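J.: Give me the fold of what follows.
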Amino acid sequence: MKNKYIVAAILAVGALLILFHVEGIPFSVVQMLVGLVIVVLVGEPMMEGLKEFGTSFGLSPHVTGIISSLASNLPEGVMTFFMVMSPELREVAILTVMLASAFNGALLGVLVVMLTFRGGAITLKREAMEHDVEIMRIAIALCGIIFGVGVVLNLFADGGNVYLPIEAPIFLLISYAGYLYFVSRDQGPVEEERHGEPGGRGWIAPVLLGLLGIVISAELIAGSSEYLVHRFDLHVVIAATLIGFAGSIPEHGIALIGARHGHVEMGVSNLLSGIIQSIMLIFPILALIVPVHLDGYVLYQFLAIAVTLWIVKKAIVDDHRLTLDEGLSILMIHILGILLFDELSLLI
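T.: Residues are numbered from 1 along each chain as shown. A predicted model of the protein is given here:
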């Protein structure tokens, strides 16, 4: 009960910081710190609530992880939707969503290293991962095709702007919808014991608490990051990197906290789904709302996503286990991709 009061008090402080926003670097730093504290506090109860939700309705931990990832991505989707409505923030919003895939991949690497540092491996169920591997293959192929057509269109554009063809986001959304359909249809029996009666409602309070915490922390961290971006007049690449990082931590940091408390399959599923959802769900929705300029920044992200997804897929397909060396390789390739992307900020 004491912990609930502490969480409620911190959430109230976060809400007040949002409501009575004061511009200034010290205030922005405080906002970010409070946002990170909220992530830590609500992470465990939300994962426990989602686990109870899954067992109450007969869902496997893997499917529950996908649902938790969708819930985690909701604030990011809302935040970027408002950003694309502002012409000066449009490219930052698009790049932020694409970078979220890289940050989720880096978090996956951190999770694997964290759980295998003292030996052992994370074993992934072949049946549960079948559709995830397939959607990764599709994402790699689509990103590669979009990168290729973007390069060709730019070569023959005669100096004009090149935009993403409308067919691309449509096919990305159709592919992800098909993935969700087959995952839900082919879900096997749940092996875990139920922690309550089917259809029980004990999960509602912790899940709502977690969602509220995610929304508040995302607003605090993203808001402070946006202010610092404008305050220091940062390049679009650096701005997208900072906001993408700020958005991924509160939304998917709960996966690390949950995995540390035993919800390993849910945590891995959350982060894998986060990687895919960024490029195959949130990005195409934004691309249907506003035109996406296929400049060098966006094309690089398509190439980087294809390559890093291949690394993740290869680590899973080899033996359906994630080991320390694979975790380190996943972490390093994603960090390198982010760092090299930031080098593009040197271009005028």
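J.: So which elements touch the one helix or strand Ile257 maps to?
T.: Element membership for Ile257 (DSSP states H and E) is helix 236-260. Identification of packing neighbours for helix 236-260 by 3 or more CB pairs under 8 Å, 6 or more residues apart in numbering; DSSP states H and E yields helix 25-56, helix 61-84, helix 90-116, helix 204-231, helix 264-277, helix 324-343. Quick note: C-beta positions are derived from backbone N, CA and C, even for glycine.
J.: Now do the buried residues in the shortest one.
T.: By neighbour count, with 16 or more other CB atoms under 10 Å as the criterion, the buried positions of helix 264-277 are 264-277.
J.: would you turn the residues you listed into TSV with pLDDT?
T.: Compiled in TSV, the buried residues of helix 264-277 are given as follows (pLDDT from 0 to 100):
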residue	pLDDT
Val264	82
Glu265	80
Met266	78
Gly267	81
Val268	85
Ser269	85
Asn270	82
Leu271	87
Leu272	87
Ser273	87
Gly274	86
Ile275	88
Ile276	92
Gln277	91
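J.: got a markdown table for those, with distance to Leu286 too?
T.: Formatted as a markdown table, those follow (distance: CB to CB, whole Å):
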| residue | distance to Leu286 |
| --- | --- |
| Val264 | 32 |
| Glu265 | 30 |
| Met266 | 27 |
| Gly267 | 27 |
| Val268 | 27 |
| Ser269 | 24 |
| Asn270 | 22 |
| Leu271 | 21 |
| Leu272 | 21 |
| Ser273 | 18 |
| Gly274 | 16 |
| Ile275 | 17 |
| Ile276 | 16 |
| Gln277 | 13 |
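J.: Which members of those are the farthest-apart pair?
T.: The span of the buried residues of helix 264-277, defined through CB to CB, is set by Val264 and Gln277 at 20.0 Å.
J.: wait, what's in contact with the nearest residue to Gly244 once chain neighbours are set aside?
T.: Of all residues not flanking Gly244 in the chain, Leu99 sits nearest, at 3.5 Å (CB to CB, 6 or more residues apart in numbering). Going by CB atoms under 8 Å, 6 or more residues apart in numbering, Leu99 touches Ala240, Thr241, Gly244, Phe245, Gln301, Ile338, Phe341.
J.: and Phe57, how many residues sit next to it?
T.: 16 (other CB atoms under 10 Å).
J.: Thanks a lot, see you next time.
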